[in-house]
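Q: Sequence plus the predicted model coming up.
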Amino acid sequence: MTIAYLGLGSNLGNRARNLSGARRRLRQKGARLLRQSRVIETEPWGVAEQPRFLNQVIEVDWQGTPRQLLKAAKEVEVEGGRKPTARWGPRVIDVDILLFGDARIQQRGLAIPHPRIGDRDFVRESLAELGVKPAGRW
């Protein structure tokens, strides 16, 4: 069992339903949802000319590897209707691995802790709401 924190975001379509669908699909893929932060509306990050996001952080119990969780997250995005767009562009659903236990991973396509935790106030606030403190983690 590994406790992982995932960031969810949506700024296209029914944003609240997109987040709910992502949580449901993650559970179907084996993530046991333990806790979730409140959903907050945020300004776009990276590319300003797009709709506002709904964001949330969830805490899950995951039985597999970080790479398996990444695969599940990407499947959830595709199943939720995400299409390839410009980097940081609009998206139906985004699922990011923020933290995976105490793991520190730098591999092609997988960086844990998420490299932009420190740049995104809404992520840090949502993690703090769940009782996760930086303590040099990122």
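A: Arrived safely. Numbers count the residues shown, from 1 in each chain.

Q: With adjacent residues omitted, what lies nearest to Leu12?
A: Val92 (4.8 Å; C-beta to C-beta, 6 or more residues apart in numbering). Yep, even glycine has a C-beta here, placed from its N, CA and C like the rest.

Q: what do you get for Pro51?
A: Asn11 (4.5 Å).

Q: burial of the one you found, as a residue count?
A: Asn11: 21 surrounding residues under other C-beta atoms under 10 Å.

Q: One more: Ala48?
A: Per other C-beta under 10 Å, the neighbour tally for Ala48 reads 8.

Q: ok, now how distant is it from Asp94?
A: 17 Å (C-beta to C-beta, to the nearest Å).

Q: Thr85 looks like it's in a helix, true?
A: No. Counting by DSSP: H, G, I helix; E, B strand; the rest coil, Thr85 falls outside a helix, being coil.

Q: The residue nearest to it when sequence neighbours are not counted: what's it in contact with?
A: Nearest residue to Thr85 in three dimensions, chain neighbours excluded: Arg91, at 6.4 Å (C-beta to C-beta, 6+ apart). Residues in contact with Arg91 (C-beta atoms under 8 Å, 6 or more residues apart in numbering) are Gly9, Ser10, Asn11, Leu12, Glu77, Arg82, Thr85.

Q: Next: Asn18.
A: Ser10, Leu12, Leu54, Gly80, Gly81, Val92, Ile93.

Q: mind redoing it with 7 Å?
A: By C-beta atoms under 7 Å, 6 or more residues apart in numbering, the contact list for Asn18 reads Ser10, Gly80, Val92, Ile93.

Q: How many residues are close by the third one?
A: Burial of Val92 is recorded as 21 neighbouring residues (other C-beta under 10 Å).

Q: Next, give phi and psi for it.
A: Backbone torsions for Val92, taken as degrees, to the nearest 10, come to phi -70, psi -40.

Q: what's the answer for the last one, then?
A: Summarising the backbone geometry of Ile93 under the convention degrees, to the nearest 10, its torsions are phi -150, psi 140.

Q: Just give the closest residue to it, not the sequence neighbours.
A: In space, and not counting its chain neighbours, Ile93 is closest to Gly80: 3.9 Å by C-beta to C-beta, 6+ apart.
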